[in-house]
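Participant: Here you go, sequence then predicted model.
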Amino acid sequence: MTTPIDLTKLPDYLRNQRWFAGKAWPIKAVSVVDHARVELPGGRDFTLAVVEVTYELGHPDRYLLPVESKGEGVQDALDDVEVLRGLFSLIREKRSLPSASGSLQGEWLDTPEGLMALPSPLPVRRLQVEQSNTSVVVAEKVIFKVIRKLEAGLNPEYEVGRFLATKTSFRATPTLLGALQSEGPAGATLAVVHRYIPNVTDGWRYTLDNFRRGPRLTDTFLGELRGLGQRLGELHHAFASSTDDPAFSPEPIHAEDMQRWSASIVGEMGVTLNEASRQFPDLEGRRESLIGHATQLAHVPPSGQKIRIHGDLHLGQVLRTEGDWLLFDFEGEPGRSFAQRREKYSALRDVAGMLRSFDYAEATVGLEGQAAGDRVGPARKAFLEGYRAATRGAAFLPKDDASFNSMLDAFELEKMLYEVRYELQNRPDWVRIPVQALMRMEVRK
Ligand SMILES: Nc1ncnc2c1ncn2[C@@H]1O[C@H](COP(=O)(O)OP(=O)(O)O)[C@@H](O)[C@H]1O
Ligand SMILES: O=P(O)(O)O[C@H]1O[C@H](CO)[C@@H](O[C@H]2O[C@H](CO)[C@@H](O)[C@H](O)[C@H]2O)[C@H](O)[C@H]1O
């Protein structure tokens, strides 16, 4: 198959795309590593190409480019509704297509939700939100996300979604319905399809609205946060459920795990403080105390289990429907490899992620001019109460409260360090939020 794209135009094209993550580095070369032609009704077609971007420095990245050859240059094919319908049909009809170096495979799960009827012709619309990928809503019932930056290996969002939909009874998530996979040397998940949930607010906006109401959170909202903790507990029960799939089966936490996790936090602290203390010199004075905090984890007597977790849980990863919460986006932290994101871990890492979000919400309303209030403490307490109630006696959690609290503290510290790195790279104006949290952190006696 001949390469269908004008390679000379690609560096400029990529630099102008919202989803292109390499804007800060000079591009050395762009090459097409795989491509497939997808035919559309009426004799038209478009190309799904996987391109590799090599930079003057650092690792190469791969991107998926759905493109149409229309006149000059490179055209994003996802602007064309016929292409959106064509891509969706490929998945729904489980079609297989040859590509230059392998094949494309549409997958559709035959679960009860997968059997839904859809109208013809299919109404499709692109979701108008700022996001790293491109999402398309089909008939207000289905949402498919075309993944822009590709990673090698099994995509955790697909893997987890499939496990929850087919092996567990956990339904507080938009159910995974299908996926588009590319197989062969350029193998990757190219798109994932979920049930679309109409009339939802994301948990971040919903929480900010509540934090803006005054210095105290309402009992109603605190009750809802208890409900959020409970849903997370149920998710962890589903992850910990007995299964013969080695990618999900729970494993005991050993002393070596605690030591490894502790050492990894100490390592991340070195890198993060070196980067951040140029801008926030006071952080240097906290180094020893924070290291003490991280090393404490290595001495926690091991109990509980390692399980698969959400991996990047925060308020932006939950949806508020009428009267309930849905947890979604099981991709894990974008800065880590798929292999790292698929590792089993303590469930408390997710709990810590959500706790950090309450601090971010407080800082955000503070920056907007809201007077300081008594919001974060009660929000944390309510969320933890819900989580504890749903997981009482669970084998995956530490046996005693002291271990529970020490581990939770260490994972909150780990998340703060991650956030400092994330913000330095993505939203430098926000870096002071996790930095201030690091400055405040006390070692629990
Ligand atoms: N199943 C769904 N139902 C309704 N809205 C959704 C659903 N999945 C995602 N969304 C909306 O789309 C936005 C982007 O989705 P997300 O999967 O987080 O994309 P990205 O990985 O590109 O950030 C979410 O913040 C949410 O508002
Ligand atoms: O949603 P993503 O998977 O892309 O997650 C990344 O971006 C998040 C920000 O959008 C970032 O979350 C941090 O900011 C949130 C407020 O915007 C806050 O609620 C979170 O607690 C905080 O960690 C997330 O860390 C990052 O991986």
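Facilitator: Arrived safely, thanks for sending. Note that the structure is a prediction, hence the values are computed from the model and not measured. Ligands and ions are numbered 1, 2, ... in the order given.
Participant: Please make it C-alpha for all contacts and neighbour counts, starting now.
Facilitator: Will do.
Participant: The closest residue to Arg92 other than its chain neighbours: what's it in contact with?
Facilitator: Sequence neighbours aside, Trp108 is the residue nearest to Arg92 in space, at 5.5 Å (criterion: CA to CA, 6 or more residues apart in numbering). Shown in contact with Trp108 (CA atoms under 8 Å, 6 or more residues apart in numbering): Ile91, Arg92, Glu93, Lys94, Gly114, Leu177, Gly178, Ala179.
Participant: Just give me the least confident of those residues.
Facilitator: Across the contacts of Trp108, the smallest pLDDT goes to Gly114, namely 88.
Participant: you'd agree it is up against Leu177?
Facilitator: Yes: with contact defined as CA atoms under 8 Å, Gly114 counts as touching Leu177 (5.7 Å).
Participant: Looking at these two, which one has more neighbours?
Facilitator: Neighbour comparison, Gly114 and Leu177: the larger count goes to Leu177, with 27 against 17 (by other CA atoms under 10 Å).
Participant: Now tell me what touches the helix or strand hosting that one from outside.
Facilitator: Leu177 is part of strand 176-183, with elements assigned from DSSP states H and E. With contacts defined as CA under 8 Å, 6+ apart, strand 176-183 is touched by 90-92, 102-109, 111, 113-114, 158, 161-162, 165, 187-195.
Participant: Show me those residues that map onto helices.
Facilitator: The members of those that map onto helices under DSSP state H are Leu90, Ile91, Arg92, Tyr158, Gly161, Arg162, Ala165.
Participant: would you turn those residues into a markdown table with neighbour count and distance to ligand 1?
Facilitator: Shown next, in a markdown table, are the ones in helices among the contacts of strand 176-183 (neighbours: other CA atoms under 10 Å; distance: CA to the nearest ligand atom, whole Å):
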| residue | neighbour count | distance to ligand 1 |
| --- | --- | --- |
| Leu90 | 21 | 20 |
| Ile91 | 25 | 17 |
| Arg92 | 19 | 17 |
| Tyr158 | 23 | 11 |
| Gly161 | 24 | 11 |
| Arg162 | 18 | 14 |
| Ala165 | 20 | 13 |
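Participant: nearest to Asp350, of those residues?
Facilitator: Relative to Asp350, the closest of the ones in helices among the contacts of strand 176-183 is Gly161; by CA to CA it sits at 16.8 Å.
Participant: Verify the contact between the closest one and Phe170 for me.
Facilitator: No: Gly161 lies out of contact with Phe170 (CA under 8 Å); the separation is 10.5 Å.
Participant: Of all residues in this protein, which one is closest to ligand 2?
Facilitator: Ser357 (3.2 Å; CA to the nearest ligand atom).
Participant: Please name the residues that touch that residue.
Facilitator: Contact analysis of Ser357 by CA under 8 Å, 6+ apart lists His314, Leu315.
Participant: Kindly recompute the last result at 10 Å.
Facilitator: Ser357 sits next to Gly203, Trp204, Thr207, Leu313, His314, Leu315, Gly316, Ala363, Val376, Arg380 when contact means CA atoms under 10 Å, 6 or more residues apart in numbering.
Participant: swap in Ile197?
Facilitator: By CA under 10 Å, 6+ apart, the contact set of Ile197 is Val137, Glu140, Lys141, Val142, Ile143, Thr173, Pro174, Thr175, Leu319, Arg320, Thr321, Leu326.
Participant: do Gly270 as well
Facilitator: Ser264, Arg287, Ile291, Leu417.
Participant: Tell me how many other residues crowd Leu176.
Facilitator: Considering only other CA under 10 Å, Leu176 is surrounded by 29 other residues.
Participant: for the one 4 residues further on, same thing?
Facilitator: By the criterion of other CA under 10 Å, Leu180 has 29 neighbours.
Participant: for the one 10 residues further on, same thing?
Facilitator: Burial measure for Leu190: 24 neighbouring residues, criterion other CA under 10 Å.
Participant: ok, now Ala179?
Facilitator: With other CA under 10 Å as criterion, Ala179 counts 27.
Participant: Gly161 versus the closest residue to it other than its chain neighbours, what's the distance?
Facilitator: Residue nearest to Ala179 in three dimensions, not counting chain neighbours: Val192, with 4.3 Å by CA to CA, 6+ apart. Going from Val192 to Gly161 by CA to CA, to the nearest Å gives 9 Å.
Participant: what do you get for Pro252?
Facilitator: Distance, Pro252 to Gly161, using CA to CA: 24 Å.
Participant: Likewise for Pro121?
Facilitator: Counting by CA to CA, the gap from Pro121 to Gly161 is 28 Å.
Participant: tell me the pLDDT at Ser132?
Facilitator: 81.
Participant: What helix or strand is it located in?
Facilitator: Applying DSSP H and E, one finds Ser132 in no helix or strand.
Participant: and the nearest residue to it once chain neighbours are set aside, which of the three is it?
Facilitator: In this structure, Ser132 finds its nearest non-sequential neighbour in Trp19, 5.0 Å apart by CA to CA, 6+ apart. Under DSSP: H, G, I helix; E, B strand; the rest coil, Trp19 falls in the coil class.
Participant: Can you tell me how far Trp19 is from Lys149?
Facilitator: For Trp19, the distance to Lys149 - CA to CA - is 8 Å.
Participant: Give the intersection of the neighbour lists for those two.
Facilitator: Between them, Trp19 and Lys149 share these contacting residues under CA under 10 Å, 6+ apart: Tyr63, Ser132, Asn133.
Participant: Counting neighbours, which of those residues comes out on top?
Facilitator: Result: Tyr63 is most packed of these (other CA under 10 Å), 22 neighbours.
Participant: OK, contacts around that one?
Facilitator: By CA under 10 Å, 6+ apart, the residues touching Tyr63 are 14, 19-21, 32-33, 49-53, 147-151, 190.
Participant: elements contacting the helix or strand bottoming out on mean pLDDT in the chain?
Facilitator: For the chain, counting by mean pLDDT, DSSP states H and E, strand 75-76 ranks last in confidence among helices and strands (a mean of 87). Strand 75-76 is packed against strand 61-68, with contacts defined by 3 or more CA pairs under 10 Å, 6 or more residues apart in numbering; DSSP states H and E.
Participant: what about the strand it packs on, near ligand 1?
Facilitator: No: using CA under 6 Å from any ligand atom, no contact is recorded between strand 61-68 and ligand 1, whose separation bottoms out at 13.5 Å.
Participant: what lines up beside that strand in the sheet?
Facilitator: strand 45-55 (antiparallel), strand 75-76 (antiparallel), strand 149-150 (antiparallel) (DSSP bridges).
Participant: Report the distance from the second one to the chain centre.
Facilitator: Think strand 75-76. Averaging C-alpha positions (CA atoms, centre = their mean, to the nearest Å) puts strand 75-76 26 Å from its chain's average.
Participant: go on, the first one?
Facilitator: Taking the mean C-alpha point of strand 45-55 and that of its whole chain, the gap between them comes to 23 Å (CA atoms, centre = their mean).
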